[in-house]
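Student: Any chance you could fold what I've pasted below:
(one chain, ligands or ions: 2)
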Amino acid sequence: MEIQTINTTPFDDQRPGTSGLRKKVKVFQAPHYLANFVQSIFNALEGYQGKTLVVGGDGRYYNREALQIILKMAAANGFGKVMVGCGGILSTPAASCVIRKYKTFGGIILSASHNPGGPDDDFGIKYNTCNGGPAPEKITEAIYSQSREIAEYLTMEAADIDLDTIGMQQLGNMSVEIIDPVSDYADMMEQLFDFDAMRALLTSGTFTMRFDAMNAVTGPYAQEILEKRLGAAAGTVLRGEPLADFGGAHPDPNLVHAKELVASMSSNDAPDFGAASDGDGDRNMILGRDFYVTPSDSLAIIAANAAHVSGYAQGLAGVARSMPTSQAIDRVAAALGIDCYETPTGWKFFGNLLDAGKITLCGEESFGTGSNHVREKDGLWAVLFWLNILAVRKQPVADIVHEHWQQYGRDVYTRHDYEGIATEGANALMQQLRARTGELSGQSFGDYTVELADDFSYTDAVDNSVSSNQGIRILFDNGARIVYRLSGTGTEGATLRVYIEQPETNPDKLEQDPQVSLAELIRLSSTIAEIEKFTGRTAADVIT
Ligand code: G1P
Ligand code: ZN
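Tutor: Ligands and ions are numbered 1, 2, ... in the order given. Prediction:
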């Protein structure tokens with residue numbers, strides 16, 4: 001088989017965002033587009049000759065075609081072996097697990113996470129390093145600069161690999177191992193959690209759960225773990241078959257996009273526990289009967305209950321949250337006497353803290369929760385953590401959350417997203433806010449006085465690297481916060497995210513609807529930033 005050198009010219013839009021490169025499928029299908037980016041990844045790396053790469057994706061449209069291109073390029077570039085999930089499938093946390101377990105050089109994950117899939121929707125690709133985590137900014141920037149000067153890429157003329165048969169195949173000098181995408185991950189979960197107690201709960205006849213895989217990648221994982229290994233009733237997993245277009249649905253586990261599951265949790269025969277995961281399996285949503293647990297609260301409750309879970313009972317080294325995530329976890333950390341780190345948005349910023357053993361648990365308000373077991377957020381892991389807590393505490397989800405608020409206080413929280421707005425207006429809004437941070441400090445708006453306003457900058461606690469411009473924070477003297485940032489994962493126009501939070505310790509007000517408790521702050525969030533003037537919008541599109 002002959003190695004081919006293909007001449008090409010750079011594309012100017014291949015800078016990875018919050019989580020890899022995401023574009024419309026049609027963009028990736030353009031001649032050389034994917035190959036340019038893959039070669040840029042390889043060009044930014046050193047020392048991979050003869051080493052092993054893991055490749056898999058969430059099964060979305062173009063997954064298989066992209067895999068064939070990547071396999072031939074990996075062989076032509078001198079990798080020794082590629083491990084591929086059967087059917088081209090590997091959830092993001094499972095890819096991280098496989099990279100770590102087999103100590104591979106790194107991995108390529110094909111996914112646009114929770115973005116819709118299909119010929120007219122989104123595709124994505126990202127590189128993970130040997131720790132199993134998303135490449136740090138240093139590497140993503142190196143990939144970007146390679147993409148700006150690429151002149152050729154290497155590939156190979158060869159027949160396609162059979163992606164659906166487990167076992168070894170050969171591509172030039174490189175071996176390709178098609179692996180079971182589920183078993184390594186499921187084995188790991190069995191090590192972390194008390195499967196006996198969870199099985200006893202699920203087969204007790206008095207407890208039911210429903211897991212919505214949203215026609216995305218977690219279906220096979222949830223079926224194996226919940227239904228096979230833990231004995232949950234058949235049909236516990238809904239929409240369990242990964243579909244290339246996710247059945248036309250938007251695979252984002254939130255109150256808007258998982259509405260059938262949410263509705264079923266309020267019906268007369270509602271299950272005790274409900275959960276969902278996203279396109280590539282790293283996000284999670286946790287529900288009780290007629291009850292929604294915010295991701296920020298979920299992280300705090302997981303940390304507060306870690307002693308009940310065997311894999312974590314030896315104690316937590318520390319915890320971390322992304323800056324816009326609510327401060328609920330900070331309260332738990334203070335009570336436990338452990339460090340709590342505040343990082344910029346995006347999982348890659350947790351990597352160093354996890355590798356250095358400074359934190360055990362971490363999470364983001366965007367339905368991402370995880371631990372040091374892998375280097376990605378992990379949807380099913382969070383669901384199993386909750387199931388383990390429920391199996392030990394034997395209380396309804398809502399009671400566990402209420403007790404948590406009574407003990408620690410509640411950080412009443414909401415996120416308002418303004419989607420698909422004009423990029424110019426969005427940038428202008430951020431710019432004027434940034435310019436006004438100095439003058440905002442000390443200003444009063446009704447009952448709210450600004451203690452500090454800034455553009456969040458983070459210094460990594462391990463390598464001292466600095467990441468600036470990570471979102472405008474307005475911190476009020478009563479502990480309330482408003483945070484503004486632009487999404488780094490969208491593929492159309494801009495999305496403005498506004499995060500609004502206020503601590504509440506008055507027991508009479510703990511149960512109030514956040515949209516009511518936060519009404520004044522929500523109003524302020526739009527007047528302070530002049531959202532209507534810059535975006536033309538009078539209300540958010542998605543409220544979580
Ligand atoms: C969003 C979330 C962020 C998460 C990322 C990848 O990024 O806000 O927390 O890490 O997706 O799942 P954003 O679109 O806000 O840049
Ligand atoms: Zn995801």
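Student: which residues sit in contact with residue 476?
Tutor: Residues in contact with residue 476 (C-beta atoms under 8 Å, 6 or more residues apart in numbering) are 448-451. The C-beta positions use only the backbone N, C-alpha and C, and glycine is treated the same way.
Student: Please disregard the earlier target; I meant residue 442.
Tutor: Neighbour list for residue 442: 449-450 [criterion: C-beta under 8 Å, 6+ apart].
Student: Return the per-residue confidence for it.
Tutor: On pLDDT, residue 442 comes in at 94.
Student: In three-state terms, label it for me.
Tutor: On the three-state scheme (DSSP: H, G, I helix; E, B strand; the rest coil), residue 442 is labelled coil.
Student: Just read off the phi/psi values of it.
Tutor: Here is the backbone geometry of residue 442 (degrees, to the nearest 10): phi 90, psi -20.
Student: now the one 10 residues further on
Tutor: Listed backbone geometry of residue 452 is phi -150, psi 140, with angles given as degrees, to the nearest 10.
Student: which residue sits closest to residue 454 in space, ignoring its chain neighbours?
Tutor: In space, not counting the residues next to it along the chain, residue 454 is nearest to residue 437; the distance is 5.3 Å by C-beta to C-beta, 6 or more residues apart in numbering.
Student: how near is that neighbour to residue 72?
Tutor: Separation of residue 437 from residue 72 (C-beta to C-beta, to the nearest Å): 50 Å.
Student: okay, those two: which has more neighbours?
Tutor: Between residue 437 and residue 72, counted using other C-beta atoms under 10 Å, residue 72 has the larger neighbour count: 26 against 16.
Student: Let me know whether the more buried one touches residue 155 as I believe.
Tutor: Yes - applying C-beta atoms under 8 Å, one finds residue 72 in contact with residue 155, separated by 4.8 Å.
Student: Looking at the contacts of residue 476, spot the one nearest ligand 1.
Tutor: residue 450 (23.7 Å; C-beta to the nearest ligand atom).
Student: is the closest one in a bridge, and if so with what?
Tutor: Taking DSSP bridges as the rule, residue 450 bridges to residue 476.
Student: now residue 499
Tutor: Note on residue 499: beta-bridge partners by DSSP bridges are residue 415, residue 483.
Student: which ones are touching it?
Tutor: 324, 365, 413-415, 481-485.
Student: Let me have those residues in JSON lines, adding distance to residue 205 as columns.
Tutor: As requested, these are exported to JSON lines (distance: C-beta to C-beta, whole Å):
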{"residue": "324", "distance to residue 205": "42"}
{"residue": "365", "distance to residue 205": "36"}
{"residue": "413", "distance to residue 205": "36"}
{"residue": "414", "distance to residue 205": "38"}
{"residue": "415", "distance to residue 205": "38"}
{"residue": "481", "distance to residue 205": "45"}
{"residue": "482", "distance to residue 205": "47"}
{"residue": "483", "distance to residue 205": "45"}
{"residue": "484", "distance to residue 205": "49"}
{"residue": "485", "distance to residue 205": "47"}
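Student: List only buried entries from the residues you listed.
Tutor: Among the contacts of residue 499, the ones that count as buried by 16 or more other C-beta atoms under 10 Å are 324, 365, 413-415, 481-485.
Student: Mind picking the one among the residues you listed that's closest to residue 40?
Tutor: residue 485 (26.6 Å; C-beta to C-beta).
Student: and that closest one, how far is that from residue 436?
Tutor: Separation of residue 485 from residue 436 (C-beta to C-beta) stands at 16 Å.
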